[in-house]
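>>> After the sequence you'll find the predicted model.
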Amino acid sequence: MSYILFETPDEVKQQILQVLKNIVSSGGKVKVGVNEVTKAIDRGVAKLVILAEDVSPPEIVAHIPELAKKNKVPIAYVSSKEELGKAAGKQVAASSVAIVDPGSFKEELEDLIKKLPKVE
């Protein structure tokens with residue numbers, strides 16, 4: 001898959017989903033979907049971008065890692081769109097999510113970002 005820049009260990013994937021769930025349930029702000037995520041990166045409000053590894057066709061999200069890199073936004077991957085959508089509090093699958101405001105989970109988000117590879 002061309003848009004996956006690095007392998008994410010399973011325990012980190014679980015932490016990504018848990019932190020996302022916590023942020024959503026505590027009233028933090030997230031943007032869901034390719035268009036919303038792209039806008040959040042462009043506007044400089046995305047704190048972390050999360051992509052599903054099973055997006056098909058991959059061209060849908062292929063521009064996001066480059067855009068995130070250019071704007072110095074950390075990026076993370078989870079296994080499936082279903083998991084990502086559910087963690088984001090949606091009834092539908094989501095190919096991408098941007099965390100805009102972690103609310104009371106700022107420290108957890110910062111800890112998570114430290115575990116992710118830096119994308120240069």
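Everything's here; your move. This one's a predicted model, so the numbers in the text were calculated from it and none came from an experiment.
>>> Enumerate every residue touching the residue positioned nearest the centre of the chain.
What sits nearest the mean C-alpha location of the chain, by Cα atoms, centre = their mean, is Ile50, with 1.4 Å. The contact partners of Ile50, taken as Cβ atoms under 8 Å, 6 or more residues apart in numbering, are Ile16, Leu20, Ile75, Ala76, Tyr77, Val78, Leu84, Ser96, Val97, Ala98, Ile99. (Each C-beta comes from the backbone N, C-alpha and C, glycine too.)
>>> again, only using 7 Å
Ile16, Leu20, Ala76, Val78, Leu84, Ser96, Val97 (Cβ atoms under 7 Å, 6 or more residues apart in numbering).
>>> Same check on Ile16?
Ile50, Ala76, Val78, Leu112.
>>> Let's see if you can find the most crowded of these.
The most crowded member of those, judged by other Cβ atoms under 10 Å, is Ile50 (27 neighbours).
>>> Look at that one and report its pLDDT.
pLDDT for Ile50: 97.
>>> ditto for Glu120
69.
>>> tell me the two of the contacts of Ile50 that are most distant?
Ile16 and Ser96 (12.6 Å; Cβ to Cβ).
>>> Grab the nearest non-local neighbour of Ala93.
Closest residue in space to Ala93, ignoring its immediate chain neighbours: Lys81 at 3.6 Å, by Cβ to Cβ, 6 or more residues apart in numbering.
>>> my guess is the one you found contacts Val97, does it?
No. Lys81 is beyond contact range of Val97, at 10.2 Å (criterion: Cβ atoms under 7 Å).
>>> Which one's more surrounded, those two?
Using other Cβ under 10 Å, the more surrounded residue of Lys81 and Val97 is Val97, with 31 against 19.
>>> Now find how far off-centre the helix or strand where the more buried one lies is within its chain.
Here Val97 sits within strand 96-101, counting by DSSP states H and E. Taking Cα atoms, centre = their mean, to the nearest Å, one finds strand 96-101 lying 6 Å from the centre of the chain it belongs to.
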